[in-house]
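# show me how the following folds:
(chains A and B)
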Amino acid sequence: MVDLLATSPDTWRDRTGDPPVIPRELVPPTTGSFTDRVRALRRRHALRERRALENYAQSRKPERGWPVADNAAVLAFFRTLFRERRKMFAALVVLNGLAAATGLVVPRLLGELINKTVAGDAASSLNSLAVLIVVVVCAQALLTFLAQRTSTVFGQDLLSSAREYIVRTILSLPLGRVEGASSGDLVTRVTRDVGTMSRSVQYGVPMSIISGLTVVLSIVAMLLNSVVLALPSLVVIALAYPQVKRYLQRAPKGYINEGATYSRINSTLTETVEGARTVEALGLAERRVAAGDDDIDVSAQAERYTMTLRNLLFAVIDVAFNSPRVVTLLVGAYGYAEGWVSLGQITAAVLYVEALSGPLDRLVGEVDRLQVGVASTSRLLGIAEVPPDRVAGTELPDGPELVGEDLRFAYREGHDVLHGVDLRLEIGERLAIVGPSGSGKSTLGRLLSGINGPRTGSVTVGGVELVDLPLETLRTEVALVTQEHHVFKGSVRDNIILAREDSSDDAVWDALSAVGATEWVARFPGGLDTQLGSGNQQLTPAQAQQVALARLIIADPHTLVLDEATSLIDPRTARTLEGSMNALLTSRTVVAIAHRLHTAHDADRIAVVIDGRIVELGSHHELVGKPNGEYAALWRAWTS
Amino acid sequence: MRDFPPVLDTFYARGGAGPPTGPSAAPDTRTPLRFLIWTLRLQWPVIVTTTLLGMVWQLPPMVGPLIFGHAVDEGIVPGNVDATLKWGALLLAVTMTGALFGILMHTYIVRTWLISLYGTMKLVTRKAAQMGHVLPRRTPTGEVLSVASSDSDEFGALTEILARTSTQLVAYLVVAFIVLSTSVELGVLLLIAAPVLVTAAFPLLKPLHRRQEIERGRNSDLTSLATDIVAGLRILRGIGGERTFGANYATQSQLARQAGQSAGIWQAAIEAVGVLFSGVFVVLLVWLGTRQVISGELTIGQLISFLGYALFMIYPIQTFFEFAQKLTRALVSARKAIAIFEQQPPWHDVAEPQPLPAHGDLVDGLTGFVAHEGELTIVVSAVPEDTSALADRLGRYLSPDTEPISHEIGEGVKGRAARRARAEREAERARLTARDEERARRPWNVTLGGLDLSQARLTDVRRRILVSDTGSQLFAGTLQDAVDPHGRLDRDQAEEALRVANAEDVYDALPGGWQGRLDERGRGLSGGQRQRIVLARAIAADAPVLVLVEPTSAVDAHTEARIAERVADVRRGRTTIVTTVSPLWLHHADRIVLVQDNRAIAEGTHEDLLLDSPDYRRVVTRAMDVDDSSPGFETGASAPSSTSGSEEVSVRG
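Here you go, the predicted model:
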């Protein structure tokens, strides 16, 4: 037997001298001159940036879990979605453009009025001009309504297509990967990432289009009003561009890092609360509080990084977007004196520059949000990049005989868990597989049920390889039964017809009656339409188990593989389920990966698996009689 | 508290007995408003500073139009270059000052927001640490967590809006003064029109909010459908049903889309009304203003500055409404926070706590169960609840025999019905609290060395008696952290613990060995792997009295046999209690106690009991099932279980 702890001296670590989670350099100095402090702030900012970028890079290339797509895939994805809605998108642009344009007419009219007032002939045209402005305002209101409405319809439509695509992708993930992976990463993606994507698709996409249009049209309006007044202001605004670009390159990564720190805070706290009893029993309160505080310290650094980024941005854009009013005043005064511009033009120009900073700010913010949304979307699209684990052939099995030959399998390259196992199931027999942890018995079960394909050798049913069968066929040939008794949100019917989705209600009732569940289902006022799952009609563990068994009755496979590995079992529930279970097992071939020896005792044959090989195979009586037999020794320990 | 993250010692002081390093006062939980005031008072200097900075930040919109008007009247129109430059310079100075203070204001807003946010998170963590296993007994975990994850943000938002509202109030008053002193007629129009404009959208807000609520509801249903699909994905891919549940999701997604669109249409209507009203307002102002200019009451520059103010006045009013909304939301959140923070641990150490005797037997008065000092005692019962209840009593834990009381009341419940529902919940929770208190106060009826556990300090009891129950949880971190959470072991001890629990394969399977990472709650390990790491941790803790509840229910017979032998060996000479019915454990026991209906009805060695006690034979042979004539494979295969996944294979490099 190899020593599994051989590397222990290399990986054990003395943790007493561990550095604090926040390096000392990130703590601001409390003394020193102003310039020293500014210099220290710059160093801290640079360090925080490095930490944020590292975390960001890690999130793009996760060591474990599902892959992440690249930005090109995201752009291609949205390009397709946009293309499918070309007309709606055109309407969105046109309507928003018109709404913004009418809004820009008003300052011009006001400038006109000022001019007339200065010239002294306002009295005659005041009323007609006022009426004209009211008409323009009414048109603007109407167009705003239509434009906003189109934006919402567009955003929501885009969003629903995107999320439905993601769920379809999840529902077609390769069987082998789904059985092996932990679902945590996937849960985060369908909750947090879908949330982030939703916000940016729903608001970010339309808002950035609207802000962008408004900015462009405002500039056009300013130029039409007076080139002399507009140009200097536009130059000043344009000076902010390098800083805005700098910010937009960094900020999304900062926000993604920030979001990750909050998930971390959340998951640590969740563990502390859910594990409250463990925390108390082991005296871990101090450590849990410290872990929570550490997470917050890390998060605070992420917040400080983006805060400084924003401050650096504000320092430039607050000046660049607001000083045009001064520029307009001074240029206007000069131009007025020279006779180039009228007072009305100055007034209109001021109203334009004042109104421009809003959409400009929003545009920067929305581009920010879009980029964060792209990052989440790339995690969602990464799910689609998992390669399929099988290609279905067309051959159909001839008979129910299940044969495994020369089976080898490795989860890690070069680490075979099975070393050439041969196993032929007799039709209708009950075979128990026993063996210690890590012996490969569960892996054998997975190969026999077609969850994974073997590295070498083959598992065939009726002469056809399991992994060559379409999933719909595979499921009706052989099924792997685990302890999972998940009750889905959906009707009773939905919960049962899984394997044959076109099953009639009669078939559902038959399955329910086979597992002894007719009575309680019939008591539901909604019958088969009763909604189950979290937040709906709750089932007892025994009822949930019956639902799980009824699913298998509907699937009606000729061979079942039962994995008993986890069996936190309530004996009272178990008794009531015996009948249901027997109904399922009758007249099928059954392979049980046994944990309890009584299962083995009652089986027709027992296979003892040790270190990836079947070392003993035979009936209980044959094996128990073997001197020095593995099974015999175990049985003695069990019954002595 | 001047900066984030705040330092807090409320509910739980870090560093053991050391002096508190931060405010340790308990929050004021008498009413939601008092609670909010308490949180604001903790950081009042920051909020006041933010407000003062904000006033300077608002300088450009406050005086900008005025300056511009003067520049027009005194500089541009008469062609006075000096005056233009003077007013232009002033406008530039004001703009720059505003920009500078904008940065400071932003820094302080972030600061005050995060002090609130992080502070609330820290309070929740500390409350959980203080309450221990009693908290999840009383309150659903989700509600505790949402105080930290979402209510905390409402408190942050409140500090921000509070600072901004005071700033805007000052701005509003200053502008009011300026416009009234220029023209009473236009000033009054401006001051009255602004609130009217904002309130004009009110009738539209109600239908909007109703639709937004529907949209939120459908979206959260949609999220839970997606989570549900992921949770059951193994079944959906293994047995089938992709089409059904894909279609269910698509249907719900379309419902959410429709709800979002109908809310969006009301939102569009509100925006359009806003455009219409503020446009009409500007026209009115200009019409009146121009007439005044014509009649000579107003200069052209003043008219232009009025136009500027007309654009600005909307913001303060909007801010005031925003304040009202956020205050309401914060009050709702405060009520949820109070439900957590007002709870107190039921334990009170007696006036003169006794030291726990160093030696002696552990005796449960209720069942008559006795565990002799230094022996391995196995508790056998036909009903697992009986043994876990006994284990809870032995360790002085309140049994998880109550449903936590939710603070949430149904979505549609409003007004008086809501108040009544809330009052009922309060009463229920008060009853539960009183019952816990009562149980904790009276003698515990479990003695160690003759001393009732209630006479000793709870911390002493915890240190002496370790109960590792079936709900024991692993935490995210390295394998080394999991086995040695306190950092007290040397490598040999840790290796020994892994060997005793037969968990060397977990070490081998994790890339990085001791430094290999476990996910939250040990997710990613199989049920059997988790159970063995939990066992290794319990063994490594080296408690004088160790109680193991069903420690090997998820491992196979081979492994169980090995674990039983090694645990018996390593714990030799120290009091150990194991609850199980597995024969592989039973013949390692020094003594076995059979518990039935809360009574210890038989005791002795495995062999004795098999001979003497028919009840024992029934319970134990049921587990062995040798004589059971029912067809094999009967039940173990598909028992309900909270864990899933197969035994050996879940951790891979």
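
# contacts, neighbours, all on C-alpha from now
Fine.

# find the closest residue to chain A in chain B.
In chain B, the residue that lies nearest chain A is residue B:241 (3.9 Å; CA to the nearest CA).

# kindly export the helix or strand where residue A:631 lies (C-alpha atoms) in CSV.
Using DSSP states H and E, residue A:631 falls within helix A:630-639. Taking Å, rounded to 0.1, in the frame of the first residue of the first chain, the C-alpha atoms of helix A:630-639 are listed here in CSV:
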residue,chain,number,x,y,z
GLU,A,630,-11.7,-10.1,1.5
TYR,A,631,-15.5,-10.5,1.6
ALA,A,632,-15.3,-13.2,4.2
ALA,A,633,-13.2,-11.1,6.5
LEU,A,634,-15.6,-8.1,6.2
TRP,A,635,-18.6,-10.3,6.8
ARG,A,636,-17.0,-11.7,10.0
ALA,A,637,-16.4,-8.1,11.2
TRP,A,638,-19.9,-7.2,10.5
THR,A,639,-21.6,-10.1,12.2
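
# which strands or helices does it pack on?
helix A:620-624, helix B:557-570, helix B:583-586 (3 or more CA pairs under 8 Å, 6 or more residues apart in numbering or on different chains; DSSP states H and E).

# residue A:341 in helix, strand or coil?
Assigned by DSSP: H, G, I helix; E, B strand; the rest coil, the conformation of residue A:341 is coil.

# number of nearby residues for it?
By other CA atoms under 10 Å in any protein chain shown, 20 other residues sit near residue A:341.

# so the spatially closest residue to it that is not a sequence neighbour: helix, strand or coil?
In space, and not counting its chain neighbours, residue A:341 is closest to residue A:335: 5.5 Å by CA to CA, 6 or more residues apart in numbering or on different chains. With three-state DSSP as the basis, the three-state label of residue A:335 is helix.

# do I have it right that residue A:335 meets residue A:343?
No. The pair residue A:335 / residue A:343 is not scored as a contact, 9.7 Å apart, by CA atoms under 8 Å.

# of these two, which one has the most company?
Neighbour tally, residue A:335 and residue A:343, criterion other CA under 10 Å: the higher count belongs to residue A:343, 25 against 19.

# residue B:283: which of the helices and strands packed on helix A:630-639 is closest?
Evaluated with CA to CA, those place helix B:557-570 nearest to residue B:283, the distance being 86.1 Å.

# for residue A:510, helix, strand, or coil?
When classified by three-state DSSP, residue A:510 comes out as helix.

# and it, how many neighbours?
Count around residue A:510 with other CA under 10 Å applied: 17.

# wait, isn't residue B:262 in contact with residue B:210?
No. Applying CA under 8 Å, one finds residue B:262 not in contact with residue B:210, separated by 10.5 Å.

# could I get the CA-only coordinates of stretch B:133-141 as CSV?
What follows is stretch B:133-141 as a C-alpha-only set of coordinates in CSV (Å, rounded to 0.1, in the frame of the first residue of the first chain):
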residue,chain,number,x,y,z
HIS,B,133,-26.2,27.6,17.5
VAL,B,134,-29.2,29.5,19.0
LEU,B,135,-29.4,32.0,16.1
PRO,B,136,-30.4,29.6,13.3
ARG,B,137,-32.9,28.0,15.7
ARG,B,138,-34.8,31.3,15.9
THR,B,139,-34.3,33.0,12.6
PRO,B,140,-34.1,31.6,9.1
THR,B,141,-30.5,31.8,7.8
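
# show me the beta-bridge partners of residue A:491.
residue A:531 (DSSP bridges).

# separation between it and chain B?
Computed as CA to the nearest CA, to the nearest Å, the residue A:491 to chain B distance reads 10 Å.

# pLDDT at that residue, what is it?
Note for residue A:491: predicted pLDDT of 94.

# which residues does it contact?
A:528, A:529, A:530, A:531, A:532 (CA atoms under 8 Å, 6 or more residues apart in numbering or on different chains).

# packing partners for the helix or strand harbouring residue A:459?
Using DSSP H and E, residue A:459 sits within strand A:456-461. Contact here means 3+ CA pairs under 8 Å, 6+ apart; on that basis strand A:456-461 packs against strand A:402-412.

# flag the shaky bits of the chain, pLDDT-wise.
Looking at chain A here, since you left the chain open. Scanning chain A for pLDDT under 70 picks out the ranges A:1-2, A:180-183, A:483-484, A:564-578, A:640.

# actually it's chain B I care about, not the one you picked
B:1, B:15-24, B:409-414, B:622-653.

# quick check: domain ranges of it?
What automatic domain parsing lists as the domains of chain B is B:1-183+B:314-342, B:200-297, B:361-407+B:422-626+B:645-653.

# in JSON lines, list those along with distance to residue A:612 and mean neighbour count.
Converted to JSON lines, the domains of chain B look like this (distance: least, CA to CA, whole Å; neighbours: other CA atoms under 10 Å in any protein chain shown):
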{"stretch": "domain B:1-183+B:314-342", "distance to residue A:612": "43", "mean neighbour count": "20"}
{"stretch": "domain B:200-297", "distance to residue A:612": "24", "mean neighbour count": "20"}
{"stretch": "domain B:361-407+B:422-626+B:645-653", "distance to residue A:612": "12", "mean neighbour count": "20"}
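
# dump those domains to a markdown table, plus distance to residue A:360.
A markdown table is the format used below for those (distance: least, CA to CA, whole Å):
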| stretch | distance to residue A:360 |
| --- | --- |
| domain B:1-183+B:314-342 | 16 |
| domain B:200-297 | 19 |
| domain B:361-407+B:422-626+B:645-653 | 43 |
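
# for these, which one sits closest to residue A:131?
Closest of the domains of chain B to residue A:131 is domain B:200-297, at 8.6 Å (criterion: CA to CA).

# now do the same end-to-end measure for the closest one.
One end of domain B:200-297 to the other measures 31 Å (CA to CA, to the nearest Å).

# could you find the closest non-adjacent residue to residue B:537?
Nearest non-adjacent residue to residue B:537, counting by CA to CA, 6+ apart: residue B:483, 4.5 Å away.

# so what's that neighbour up against?
Residues in contact with residue B:483, defined by CA under 8 Å, 6+ apart, are B:494, B:497, B:533, B:534, B:536, B:537, B:540.

# against residue B:490, how distant is it?
As defined by CA to CA, residue B:483 lies at a distance of 11 Å from residue B:490.

# and the residue of chain B closest to chain A, its phi and psi?
phi 110, psi 10 (degrees, to the nearest 10).

# OK, contacts around the residue of the stretch 1-150 of chain A found nearest chain B?
Nearest to chain B, among the residues of the stretch 1-150 of chain A, is residue A:141, at 4.6 Å (CA to the nearest CA). Neighbouring residues of residue A:141 by CA under 8 Å, 6+ apart: A:99, B:271, B:272, B:273, B:275, B:276.

# one more time with 7 Å, if that's ok
B:272, B:273, B:275, B:276 (CA atoms under 7 Å, 6 or more residues apart in numbering or on different chains).

# chain neighbours aside, what residue packs nearest to the residue of the stretch 151-300 of chain A found nearest chain B?
Nearest residue of the stretch 151-300 of chain A to chain B, counting by CA to the nearest CA: residue A:277, 4.3 Å away. Nearest non-adjacent residue to residue A:277, counting by CA to CA, 6+ apart: residue B:133, 4.3 Å away.

# if I look at the one you found, how far off is residue A:452?
42 Å.

# just to revisit the earlier point, show me the contacts for the closest residue to the residue of the stretch 1-150 of chain A closest to chain B other than its chain neighbours.
In this structure, residue A:141 finds its nearest non-sequential neighbour in residue B:272, 4.6 Å apart by CA to CA, 6+ apart. Going by CA under 7 Å, 6+ apart, residue B:272 touches A:141, A:142, A:144, A:145.
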